[in-house]
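# one predicted model, sequence on top.
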Amino acid sequence: MNNPFLKTLSIATLAAAVAACGGSGSGSSDSDSSTGTASLSLTDAPVTDLSAAQLNITSVELKPANSDSVTIELDTAMDINLLDFQGGKVAELFEGEELPAGEYEWIRLHLGEEPYVIEASDPNQTPIFLFLPSGRQTGLKLQGGFVIPAGDTAEFTIDFDVKKSIINAGGNAPSGRDKYILKPAHRLVDNSESGAIVGEVDVINLEQQLGCDTNDDYDGSVYVYEGADVEPTDLNVNEEGGPLVAVTVSNEDQASLYSYKAAFLPAGDYTISYTCQPDDNETSETLEFVGTQNVTVTADTETTADVIQ
């Protein structure tokens, strides 16, 4: 079923894009050889110091490698709080759209209203508008190649990592207006080739062991690194390397062990490790990690890691 937010692509736009992507020059209308079906969703890696990270999306633009871009307009702008879509939950942008088959270069999310965040510590919960270096009018351009197969279906998810994407503006934003810069740090994941890591952590024991503050609201994070036998390091957006993602642990069921889920991970080998120490995403820090272990992710499967204790 198509998403009710979507308008139908104009016939002229789609026809031009199909022709440019190698559609039949003999007048054949065999759509199986020139188009495919695609779906696109948004998700986010957990973050604790914000209570909202809001985007207002009006359309999605996709750029085939060998033709002009194709834009999918939304009937109604989608107000999305990225923090509502963590731990494998997704916000569906479009579903089952017929698009030109072939390789694509990028996706652009066009914005209506200005994006903003709300700090969890703010008692008034006042929105803080985000500064986009390229300007809100250009939207959020998400680089990364992908393929829509001819006569087949592809499902993709944009993992919009707020912890890496929202950084302190310093002196680079208009004075007195914007405190943070929105600099998207995303992963575009083919759902058919991804899986998840789930597990549990003995937070109460480890907070005492590592000397963490047991009175604050932060219970620590499990850091996920690409490859086996990786030495854990902190997250610093100003340096290369570091974790692919850091997911916070939670205890919604009030159980003795806290749980976590790192979703939409491409199949392969990973190293995971836990720390309860806070991590500034713009500076290098020496954190103490425990429970470091290798985990192999299989497509379309949740892999359970050993308990970290």
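Received the coordinates, thanks.
# could you report the neighbour count for the residue lying closest to Cys212 once chain neighbours are set aside?
Excluding the flanking residues, the one nearest Cys212 by Cβ to Cβ, 6 or more residues apart in numbering is Cys276, at 3.9 Å. Placement of C-beta: from N, CA and C, glycine included. By the criterion of other Cβ atoms under 10 Å, Cys276 has 25 neighbours.
# what's the spacing between Cys276 and Tyr180?
Cys276 is 25 Å from Tyr180, where distance means Cβ to Cβ, to the nearest Å.
# next helix or strand past the worst-scoring helix or strand of the chain on mean pLDDT?
Within the chain, judged by mean pLDDT, DSSP states H and E, the helix or strand with the poorest mean is helix 11-20; its value is a mean of 38. Per DSSP states H and E, the first helix or strand lying C-terminal to helix 11-20 is strand 35-43.
# so for that following strand, mean pLDDT?
Taken as a whole, strand 35-43 has a mean pLDDT of 96.
# which pLDDT value goes with Asp279?
82.
# buried stuff in stretch 197-212?
Ile197, Val198, Gly199, Glu200, Val201, Asp202, Val203, Leu206, Glu207, Leu210, Cys212 (16 or more other Cβ atoms under 10 Å).
# which one of these is nearest Asp79?
Lowest distance from Asp79 to the buried residues of stretch 197-212 (Cβ to Cβ) belongs to Val198, with 29.5 Å.
# what residues are up against that closest one?
Ser259, Tyr260, Lys261, Ala262, Glu302, Thr303, Thr304, Ala305 (Cβ atoms under 8 Å, 6 or more residues apart in numbering).
# how about Thr35?
Val18, Glu98, Leu99, Pro100, Ala101, Ala150, Gly151.
# what is the lowest-pLDDT residue among those?
Val18 (37).
# list the contacts for Thr138?
By Cβ under 8 Å, 6+ apart, the residues touching Thr138 are Arg108, Leu132.
# same question for Met78.
Counting by Cβ under 8 Å, 6+ apart, Met78 has contacts Phe5, Asn56, Ile57, Ala91, Leu93.
# let's see 6 Å
Ile57 (Cβ atoms under 6 Å, 6 or more residues apart in numbering).
# any low-confidence regions in the chain?
1-33, 169-178, 214-215, 237 (pLDDT under 70).
# please enumerate the strands of the stretch 151-300 of the chain.
153-160, 166-168, 180-182, 186-190, 194-201, 221-226, 245-248, 258-266, 268-275, 290-297 (DSSP state E, counting those that start in this stretch).
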